[in-house]
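> here is my input; please provide its structure:
(2 chains, ligands or ions: 3)
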Amino acid sequence: MQTKIVSKNFDIPHAEMLEVALQNGRYGSLEKLSTLKPQELIDLIKQSGLRGKGGGGAPAGVKWQLASDFEGTKYLVVNADESEPGTFKDRQILAKDPHLLIEGIICTCQAIGANISYIYVRGEYEEFSAILQRAIDEAYEKNILGIGSTYKVDITVHRGAGAYICGEKSALLESLEGNRGHPRLKPHSPEPEFYFGEPTLVNNVETIASVPFIVQNGAEAYRAYGTKESPGTLLFAMSGHVENPGVYEAEFGLGMWEYIQKLGGGVKKGKKLKAVIPGGASTPILPAHLVYEAKLDYESLRDLGSALGTGGMIVMDEDVSMVKALKNLLRFYRHESCGQCTPCREGTSWVDKTLDKFIAKTATHEDLEILKSVSRSMNGKTICVFAPAASSVIDGFLKHFESEFLECIV
Amino acid sequence: MSFAFTQENTIRMASLLNRYAQKKALSLPLLWLAQKQEGYISEEAMQYISEFLELPYMHIYGVATFYTMFRLQKGDKPIIEVCRTLSCELAGSEEIKKYLKENYSERYEIVEVECMGACSGAPMCTLDGKYFENITPEILDEVLNAD
Ligand SMILES: Cc1cc2nc3c(=O)[nH]c(=O)nc-3n(C[C@H](O)[C@H](O)[C@H](O)COP(=O)(O)O)c2cc1C
Ligand code: SF4
Ligand code: FES
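Ligands and ions are numbered 1, 2, ... in the order given. Below you'll find the model as predicted:
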């Protein structure tokens, strides 16, 4: 059931060492790279249908084009902030196959005309970041990176310092410029990101790690997996009440329930399924009857009123209190709001406090109305989509599990 | 009390300068370097960094206080972080936290943190930044008494 494109070398001992990586096909795409012009590379990625794997699913080729269309200095920034609850896939790449990421960076830099790349790694990942840094050092020694190499790419690992919001691309760039991680206002028309005023491409670790396969094997080889709109594979992650939590790569379009049963070993201790948060904490919850219908692709989950997000599934059994689960998530949002926008800063805090009354079973009908109206006020009125995401999470719980909230009303 | 980077860190600082388009980008890397050197970030260190980067002290202070991993107070105990987010809570992080607070708060500073990207190994904690996954009270006893 697994399809291993990105995770192919995960089980090979010491695949993080250059020698072993080379024996197992790493840097194999570079030969092909030398035969392709930058625009041909971008077209290849467009044809492959590769979509961003950091949560949004934006077509990667379109973003590459935006950055490439500018003259002069350009940057590639790899987003390894990975802080979305339920998500732990990028970490596998950093620690188990860092050379795949480096190879992807070289290909991507060549396509957009950049020589400088930063990998922004969340501060907590120090152990995994150290493995990545050793791989980079080895690549420099062997002239795969740097001034003596064919493509003259420089990679710098930049360490974050504990702030979920820095995963949002504009906040990440602010942080990389040496500022607080405050998201920027977005323009109305499509444009690349900017790092110190220079056009910049920001992609997720897994997106970049998917590039070498496409360069080496062609767009059709990638499209052979997945669905028409969601081609290829994703490192789906599973946690919560499953027998075998972990990261398993699979092509898009598989049934969610089948995936949970076959790869996750089903619900822990033979209990009944209650709900799944499908793609990281910021995606609306699916009750069991929708989980049985859901397919693991962008379109199916959107049609069910949720989103594929990062593909990090949190599985919950019949004993989970939905009131407590929502409280847990709102405490997270309250803690992680960057505080720039009033609806977000005040809204997350207000909902978090109101939920305490539900936990204590002292809530009133008015409190339920407060949850709903505060959630409405957080949607569409803020600088970034953090607050709308929190709002959709609240709405999802209330839509599917309102009865549990009503039971807490005196 | 004044602050200066060690010779090793001064060399590190110089090599960092080559990696970025503007000095300002060194704000986070230098705060990390100072924290590594002294165990926390002192006012003097922030003063030093702001002068070196030619930025107002308030800028560096603002950055240092925004990120949760920067420590502006000297602590005398090693830190245990316990993740409290959903996957860990579903796996019993509440009990782990209670167990740690009851048995180890004299020797360790116990801090609750949000999702650490280790949800398949829930419940999890870190000790001096190192990850420990699928923890139980027995495992904690073993790890914390292993010297
Ligand atoms: C609040 C918030 C947090 C985010 N966190 C991450 C993250 O940790 N990692 C990531 O790759 N993208 C994250 N994103 C998405 C990024 O903004 C951006 O879309 C992504 O890095 C682009 O890469 P991709 O197109 O390859 O997915 C986050 C977005 C938001 C709004
Ligand atoms: S929505 Fe929230 S996280 Fe996003 S910029 Fe506004 S306050 Fe910050
Ligand atoms: S929820 Fe604890 S590591 Fe993710």
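> from ligand 1, how far off is the nearest residue to A:Asp81 once chain neighbours are set aside?
Spatial nearest neighbour of A:Asp81, excluding adjacent residues (Cβ to Cβ, 6 or more residues apart in numbering or on different chains): A:Gly167 at 3.8 Å. Any C-beta I mention is one placed from the backbone N, CA and C, and that applies to glycine too. Separation of A:Gly167 from ligand 1 (Cβ to the nearest ligand atom, to the nearest Å): 2 Å.
> check contacts around A:Gly167.
Applying Cβ atoms under 8 Å, 6 or more residues apart in numbering or on different chains to A:Gly167 gives the contacts A:Gly54, A:Asn79, A:Asp81, A:Glu82, A:Ser83, A:Glu84, A:Arg122.
> and the nearest residue to the fourth one once chain neighbours are set aside, what's its pLDDT?
Counting by Cβ to Cβ, 6+ apart, A:Asp90 is the residue found nearest to A:Glu82 once chain neighbours are left out, at 4.5 Å. pLDDT, the model's per-residue confidence, is 98 for A:Asp90.
> give me the low-pLDDT residue ranges for chain B?
Where chain B drops to pLDDT under 70, the residues are B:1, B:147.
> around residue 133, count how many other residues there are.
I went with chain A, as the question did not name one. Neighbourhood size, A:Gln133 [other Cβ atoms under 10 Å in any protein chain shown]: 18.
> oops, chain B please
Around B:Glu133 there are 17 residues (other Cβ under 10 Å).
> for it, give its distance to A:Phe88.
Look at B:Glu133 and A:Phe88: by Cβ to Cβ, to the nearest Å, they are 10 Å apart.
> one more: A:Cys384?
Relative to A:Phe88, and taking Cβ to Cβ, A:Cys384 is found at 23 Å.
> give me the most central residue, the chain.
No chain was given, so I picked chain A. A:Gly54 (2.7 Å; Cα atoms, centre = their mean).
> my bad, chain B
By Cα atoms, centre = their mean, chain B has its centre lying nearest to B:Met69, at 4.2 Å.
> I figured it hits A:Arg122, correct?
No. Counting by Cβ atoms under 8 Å, B:Met69 stays clear of A:Arg122, with 9.3 Å between them.
> got the contact list for residue 17?
Picking chain A for this. Taking Cβ under 8 Å, 6+ apart as the contact definition, A:Met17 lies against A:Ala135, A:Glu138.
> should've been chain B
B:Lys23, B:Leu26.
> ditto for the one 5 residues further on
For B:Gln22, the set of contacting residues under the criterion of Cβ under 8 Å, 6+ apart consists of A:Glu177, A:Gly178, A:Phe196.
> same thing with B:Met69?
Going by Cβ under 8 Å, 6+ apart, B:Met69 touches A:Gly123, A:Glu124, A:Ala161, A:Gly162.
> next, give phi and psi for the last one.
The phi and psi values for A:Gly162, taken as degrees, to the nearest 10, are phi 90, psi 80.
> okay, now it: neighbour count?
Around A:Gly162 there are 17 other residues, counting by other Cβ under 10 Å.
> circling back: could I get the contacts of A:Gly167 as TSV with secondary structure?
Formatted as TSV, the contacts of A:Gly167 follow (DSSP: H, G, I helix; E, B strand; the rest coil):
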residue	secondary structure
A:Gly54	coil
A:Asn79	strand
A:Asp81	coil
A:Glu82	coil
A:Ser83	coil
A:Glu84	coil
A:Arg122	coil
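> in TSV, list those along with distance to A:Leu301 and pLDDT.
Compiled in TSV, those are given as follows (distance: Cβ to Cβ, whole Å; pLDDT from 0 to 100):
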residue	distance to A:Leu301	pLDDT
A:Gly54	16	97
A:Asn79	21	98
A:Asp81	23	98
A:Glu82	20	98
A:Ser83	21	97
A:Glu84	15	97
A:Arg122	25	98
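> quick one: which of those has the most company?
A:Glu82 (30 neighbours).
> pretty sure that one contacts A:Arg91?
Yes. With contacts counted by Cβ under 8 Å, A:Glu82 reaches A:Arg91, the gap being 6.2 Å.
> mutual contacts of these two, please.
A:Tyr125, B:Gly117.
> overlap of the contact sets of B:Met69 and A:Arg122?
With Cβ under 8 Å, 6+ apart as the test, B:Met69 and A:Arg122 both reach A:Gly162.
> strand partners (parallel or antiparallel) of the helix or strand in which A:Leu76 is found?
Secondary structure assigned from DSSP states H and E places A:Leu76 in strand A:75-80. Partners of strand A:75-80 in the sheet, by DSSP bridges, are strand A:116-121 (parallel), strand A:198-204 (parallel).
> closest to ligand 1 out of those?
strand A:198-204 (3.4 Å; Cβ to the nearest ligand atom).
> is any residue of that closest one near ligand 1?
Yes. Using Cβ under 6 Å from any ligand atom, strand A:198-204 reaches ligand 1 at A:Val202, A:Asn203, A:Asn204.
> same for the lengthiest helix in chain A, what does it pack against?
Counting by DSSP state H, the longest helix found in chain A is helix A:386-406. The contact analysis (3 or more Cβ pairs under 8 Å, 6 or more residues apart in numbering or on different chains; DSSP states H and E) places helix A:386-406 against strand A:286-287, helix A:322-336, helix A:342-359, helix A:365-377.
> what residues of the helix or strand following the shortest one count as buried?
Put plainly, it is strand A:286-287. Later in the chain than strand A:286-287, the nearest helix or strand by DSSP H and E is helix A:288-291. Within helix A:288-291, the residues scored as buried using 16 or more other Cβ atoms under 10 Å in any protein chain shown are A:Ala288, A:Leu290, A:Val291.
> does any bit of helix A:288-291 sit next to chain B?
No. Against chain B, helix A:288-291 shows no contacts by Cβ under 8 Å from any Cβ of the partner chain, the least distance being 15.8 Å.
> does any part of the next helix-or-strand element following that helix sit near ligand 1?
From helix A:288-291 onward toward the C-terminus, using DSSP H and E, the following helix or strand is helix A:298-303. No. Helix A:298-303 lies out of reach of ligand 1 by Cβ under 6 Å from any ligand atom, never closer than 11.8 Å.
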